[in-house]
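Student: Predicted structure and sequence below. I'll ask about it afterward.
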Amino acid sequence: GIMNRLMVIARLKDGSHEEAEKLLRQGPPFDAEELGFHRHGAYLTAGEVVFLFEAPEVEWIVNDIVDDPVISAAFGPWQDLIDGLPRLAHERFFWSREESTLGLGLGV
């Protein structure tokens, strides 16, 4: 299927960078391969954390994670670190040498 990418971006509360770094070193609270992801990454700036998810129909997989009470409860430690609600960033452009095609995201 067509590979889709989705990013979840969250602003960190002041002084929570170190704790966010510790949580990220533990890895995700789920088995990314078992859930169907092809790639998953986390990026940390001084004031934000960004999670990248890549899979065919990635939005459905992320929705399933959010709706699963066991997996979503594992995100509890992040609640004290995040300022406000996380935001979704939908892919609108992607280029890959391997795919040798230009991908333009479609509005969903």
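Tutor: Thanks, I have the structure now.
Student: Could you use CA atoms for every contact and neighbour count after this?
Tutor: Fine.
Student: centre of the chain versus stretch 24-35, how much separation?
Tutor: In terms of CA atoms, centre = their mean, to the nearest Å, the centre of stretch 24-35 is found 11 Å from the chain centre.
Student: what do you get for stretch 48-57?
Tutor: Relative to its chain's centre, stretch 48-57 lies at 3 Å (CA atoms, centre = their mean).
Student: quick one: low-confidence parts of this protein?
Tutor: For the chain, residues meeting the criterion pLDDT under 70 lie at 1, 99-108.
Student: What ranges does the chain have for its helices?
Tutor: Taking DSSP state H as the criterion, the chain contains helices spanning 17-25, 32-35, 58-67, 69-73, 76-79.
Student: Out of those, flag the one nearest Glu98.
Tutor: Set against Glu98 and scored by CA to CA, the helices of the chain come closest in helix 58-67, at 19.9 Å.
Student: List the residues that contact the closest residue to Val50 other than its chain neighbours.
Tutor: Counting by CA to CA, 6 or more residues apart in numbering, Ile9 is the residue found nearest to Val50 once chain neighbours are left out, at 4.5 Å. Neighbouring residues of Ile9 by CA atoms under 8 Å, 6 or more residues apart in numbering: 48-51, 86-89.
Student: one more time with 10 Å
Tutor: Listed by CA atoms under 10 Å, 6 or more residues apart in numbering, the contact set of Ile9 reads 42-44, 48-52, 85-89.
Student: Over to Trp78?
Tutor: Residues in contact with Trp78 (CA under 10 Å, 6+ apart) are 10, 12, 16, 19-20, 23.
Student: which among the residues you listed end up buried?
Tutor: Among these, the ones that count as buried by 16 or more other CA atoms under 10 Å are 10, 12, 16, 20.
Student: And the furthest pair within those?
Tutor: Pairwise distances across these (CA to CA) peak at 12.1 Å, for the pair Ala10 and Ser16.
Student: Can you check which residues contact both of the two?
Tutor: 47-48, 78, 81-83.
Student: which residues pair with the residue nearest to His38 when sequence neighbours are not counted across the strands?
Tutor: The shortest distance from His38 to any non-neighbouring residue, by CA to CA, 6+ apart, is to Ala55 (5.1 Å). On the basis of DSSP bridges, Ala55 takes part in beta bridges with Asn4.
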